[in-house]
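1. Dropping the sequence and predicted coords here.
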Amino acid sequence: MSQEEFDRLLRWLGPDRDSSAKKYLESHERLTRLFYLRGCSRPEDLADEVMDRVAKKPPPLEPSLDQIAVLLGYARNVLHEYWRQAPFGEDREPSEEPCMDETVLKETLSRCLDGCRDRLPEDDRHLLLQYHGYEPGGKIAHRQAMAKERQTTLNALRLKVCRLTSVVGECVKRCCESGSITGVQ
């Protein structure tokens with residue numbers, strides 16, 4: 001990217017050079033993390049590509065546009081191109097970190113999920129298991145019956161389950177990152 005394009009990108013990111021430079025670095029880091037979590041072997045290069053494409057967008061780069069949405073839109077396109085060029089099954093440039101064996105990954109995930117679910121209060125744990133334990137074709141009726149049994153609305157039941165799922169999901173994430181269920185709430 002040229003200096004002019006880079007300057008235009010910085011003006012789009014923030015009102016002054018210091019805040020826009022900080023925003024640039026934060027955005028680049030977020031994009032790198034996104035590509036890493038999607039299994040890309042060169043996440044920094046792909047984040048650079050996104051920033052280059054945004055910088056080369058013909059002027060004026062609308063300051064009113066949601067910057068995150070714009071960056072994610074470009075990231076989605078770069079990610080699709082990456083996947084087209086290196087589909088699963090073909091040789092890819094090896095990642096810097098070794099991939100975890102699929103069996104080990106499943107075991108770790110299962111252990112973390114069980115441990116995190118067991119840390120919930122009994123009523124919440126039962127609610128989660130019951131909510132997702134329906135017969136094929138009977139999901140709606142099952143959940144309506146649950147709401148009636150709990151004397152609440154279907155929407156309130158969904159919100160409660162959504163919150164519990166979020167708590168368990170965060171716990172599983174921390175557990176998988178640390179490799180231990182201890183100290184995870």
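-> The structure has been received and is ready for your questions. Residues are numbered from 1 along each chain as shown.
2. can you pull the contacts of the residue nearest the centre of the chain?
-> Against the mean C-alpha coordinate of the chain, by C-alpha atoms, centre = their mean, the closest residue is residue 34 at 7.1 Å. Shown in contact with residue 34 (C-beta atoms under 8 Å, 6 or more residues apart in numbering): 43, 47, 72, 75. (C-beta placed from N, C-alpha, C; glycine too.)
3. what's the distance between it and residue 130?
-> 35 Å (C-beta to C-beta, to the nearest Å).
4. domain assignment for this protein?
-> The record assigns the chain these domain ranges, following automatic domain parsing: 3-85, 102-178.
5. Lowest mean pLDDT across the ones you listed, which one is that?
-> Mean pLDDT is lowest for domain 3-85 among the domains of the chain, at a mean of 79.
6. Now the terminal residues of that domain, how far apart.
-> With C-alpha to C-alpha, to the nearest Å as the measure, domain 3-85 spans 30 Å from end to end.
7. go on, stretch 112-123?
-> Using C-alpha to C-alpha, the end-to-end distance of stretch 112-123 comes to 20 Å.
8. secondary structure element for the residue nearest to the centre of the chain?
-> helix 17-37 (DSSP states H and E).
9. Give me the angle between whichever helix or strand comes after that helix and helix 17-37.
-> From helix 17-37 onward toward the C-terminus, using DSSP H and E, the following helix or strand is helix 43-55. When axes from the mean of the first three to the mean of the last three C-alpha atoms, to 10 degrees is applied, the directions of helix 43-55 and helix 17-37 differ by 130 degrees.
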